[in-house]
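Fold the following, please.
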Amino acid sequence: QHWRGPVDYFEFDHVDCYTDENGVWEWNEAPLDTFEADICPPGGMQLVDQRLVAGKDEHLFQPPPLLVVTGRVLDAESGEPITNPRVTPGHRNDNPSIGFDWYERDAYTPETSHYRVQFNRSLKGYVVRVEAEGYRVSQSRDFHFDEGDVTFDFRMQRAESLTGQIVDASGRPASGAKLAISDHGSQISIQDGRFDDSSTYATRMVTDKEGRFSVPARDVPFHLVVIHDQGHALLFSESIPSDSPIALKPWASIKGTYRIGSKPAANLRLRIDLNRFQSDHPIAGRVYASATARTDEKGRYHHDRVFDETTIVAREIIMMINDGAKEIVSTPRIPIHLEPGEHRTLDIGGSGYVAVGQLKAPVENDKPINWKLASVHVSRHLIAPVPPVHRNALMQKPGQWEAWLRTPDGLGFLASSNAYERERSESIRYYATVGPDGLFQIDDIPAGEYELRANLGEGQKGAIPNHRFSVPRTGGTRAADAVDLGIIQLE
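Residues are numbered from 1 along each chain as shown. A predicted model of the protein is given here:
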């Protein structure tokens, strides 16, 4: 698992990692210093990140039995059993800001009040969460991996569930809408307008035929992410009405033609990435959304399940861990804001100039460079407004900076700052991979002033943070007017 840091590049894939019939494992070509490995007995407790070092002394491992937690789910007042609870195992994350990692794929609903979960890795802070209709969600104490068989009964407190009804934009019930709860520690991934089962870790449910849902009471507010063929919604638990339906926002769509110069860019994969979800309340969990589209032989593309938020549209460029870029290309990264139900046409490329340049390794570098790991990023050169007062001095005295912002000069500065931020967020950026000898090319870049930053990539030292260049406006052809950026020396 670890040797001189994380094992990222599969150094030990060739090693036979299985014991013989006597439970003995030998490695005769082990490193001389310490490494870490997981010890995984079949059907038993896996000991994670065990420190090993080569030598004459034998390492002896005696894993404890599995941690098995069993018990009943009961009403706290009456002691009566609660049937059909939802039981979710998990563990406490080392990062307090994340909280808990819940194993949603292992969640289940027993038919009786009895439950059973088991854990098979030597982690600390295992927990069990139970949800039941008409009761407040309850969580167990932390269990240590070496406790063996444990009995823990849940005594649930009655509480009214959060209920609601989802309808589409026409007012028809959104039957079968899929919901995911975004709360502390959850992760919700949406791909092409649908929950990505492989990377979504959150409590999920489905509306009934009338579009109704019910969420057991929780101690803290949360968001509900709703996905349906007719639209989507992001709901804050404290703002969900119980007496009126909640209308989905219809999906936006996007289509267009991608060209490189005058030629259609056929069979390209595009990414349509949501910048972030907007809410009037902080979103406790992690919510991600992206979509992909592929151009046809004429460079045409379309996607009809796009969120009405600020979205980035760009060609997908794959960078491999060891090998870097699979091809030497560039792409504009175009920000757009869509309204609910909007059908936007966005043509990409097909105008502008070609900018070419060459990166040069740092002067002190004496190692071969894998240029395919390098990347180039280009953005518009914009000058941020500067206040006509000594900002730091005013901020040293409580209230003075805020008071100045209310003056005519301060209001003018705020307006300029907002215009700058708006122009910056709406500007197209460019990304390019790098070929042999540090050569790169950016296609279809309009005339203007730009800033370039570049770096050599993982494991290689060399970068440039802010290289200025201009693309002049001319009346010639695209090929004849290629802008040569020359050699760019990395630091």
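
okay, and for the protein, where does confidence drop off?
For the chain, applying pLDDT under 70 flags the ranges 6-11, 275, 475-481.

how close does residue 426 sit to residue 336?
9 Å (CB to CB, to the nearest Å). Where C-beta positions appear, they are placed from N, C-alpha and C, glycine not excepted.

Those two: who's more crowded?
Taking other CB atoms under 10 Å, residue 426 and residue 336 do not tie; residue 336 has more neighbours (17 against 13).

Count residues in the vicinity of residue 342, would you?
Using other CB under 10 Å, residue 342 is surrounded by 15 other residues.

Any figure for the gap between the closest residue to it other than its chain neighbours and residue 339?
Among residues not flanking residue 342 along the chain, residue 252 sits closest, at 4.7 Å (CB to CB, 6 or more residues apart in numbering). From residue 252 over to residue 339 the distance is 7 Å, taken as CB to CB.

Can you work out which residues contact both of those two?
Here residue 252 and residue 339 have residue 308 as joint contacts, going by CB atoms under 8 Å, 6 or more residues apart in numbering.

higher neighbour count, these two?
Neighbour totals were compared for residue 252 and residue 339, and residue 252 leads with 24 against 12 (other CB under 10 Å).

Which helix or which strand is home to the closest residue to residue 39 other than its chain neighbours?
Spatial nearest neighbour of residue 39, chain neighbours left out: residue 47 (4.2 Å); criterion: CB to CB, 6+ apart. Using DSSP states H and E, residue 47 sits within strand 47-52.

List the buried residues in that strand.
For strand 47-52, burial by neighbour count (16 or more other CB atoms under 10 Å) applies to 47, 52.

Start the count at 19 instead of 1 going forward.
Okay, residue one is now 19; in that scheme the one you just asked about reads as strand 65-70.

Surely residue 505 is in contact with residue 378?
Yes. Here residue 505 lies in contact with residue 378, judged by CB atoms under 8 Å, at a distance of 5.2 Å.

which one of these two has more residues nearby?
Of the pair residue 505 and residue 378, residue 378 is the one with more neighbours under other CB under 10 Å, namely 17 against 10.

The more buried one bridge partners, please.
Counting by DSSP bridges, residue 378 is bridged to residue 507.

what sits against it?
456, 505-508.

Neighbours of the closest residue to residue 116 other than its chain neighbours, how many?
Spatial nearest neighbour of residue 116, chain neighbours left out: residue 203 (5.4 Å); criterion: CB to CB, 6+ apart. Residue 203 sits with 20 neighbouring residues when counted by other CB under 10 Å.

wait, what's in contact with residue 203?
The neighbours of residue 203, taking CB under 8 Å, 6+ apart as the test, are 111, 116-120, 303.

Going along the chain, name the strands of the stretch 69-218 of the chain.
85-93, 104-110, 118-120, 132-137, 144-149, 156-157, 167-169, 172-174, 180-185, 196-200, 205-209, 212-213 (DSSP state E, counting those that start in this stretch).

got a markdown table for these, with distance to residue 30 and mean neighbour count too?
Formatted as a markdown table, the strands of the stretch 69-218 of the chain follow (distance: least, CB to CB, whole Å; neighbours: other CB atoms under 10 Å):
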| stretch | distance to residue 30 | mean neighbour count |
| --- | --- | --- |
| strand 85-93 | 28 | 19 |
| strand 104-110 | 26 | 21 |
| strand 118-120 | 26 | 20 |
| strand 132-137 | 26 | 18 |
| strand 144-149 | 29 | 21 |
| strand 156-157 | 38 | 16 |
| strand 167-169 | 35 | 12 |
| strand 172-174 | 43 | 19 |
| strand 180-185 | 49 | 20 |
| strand 196-200 | 37 | 22 |
| strand 205-209 | 29 | 20 |
| strand 212-213 | 35 | 16 |
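
for stretch 44-62, which positions count as buried?
Residues of stretch 44-62 classed as buried by neighbour count (16+ other CB under 10 Å): 53, 55, 57-58.

closest to residue 88 among these?
residue 58 (23.9 Å; CB to CB).

Could you tell me how many residues sit around the closest residue to that closest one other than its chain neighbours?
Distance criterion CB to CB, 6+ apart; nearest residue to residue 58, sequence neighbours excluded, is residue 64 at 4.5 Å. Counted with other CB under 10 Å, the neighbours of residue 64 add up to 17.

Isn't residue 64 up against residue 163?
No. Residue 64 sits out of contact with residue 163 when judged by CB under 8 Å, with a separation of 9.2 Å.

list residues touching both of those two?
With CB under 8 Å, 6+ apart, residue 64 and residue 163 have common neighbours 139-140.
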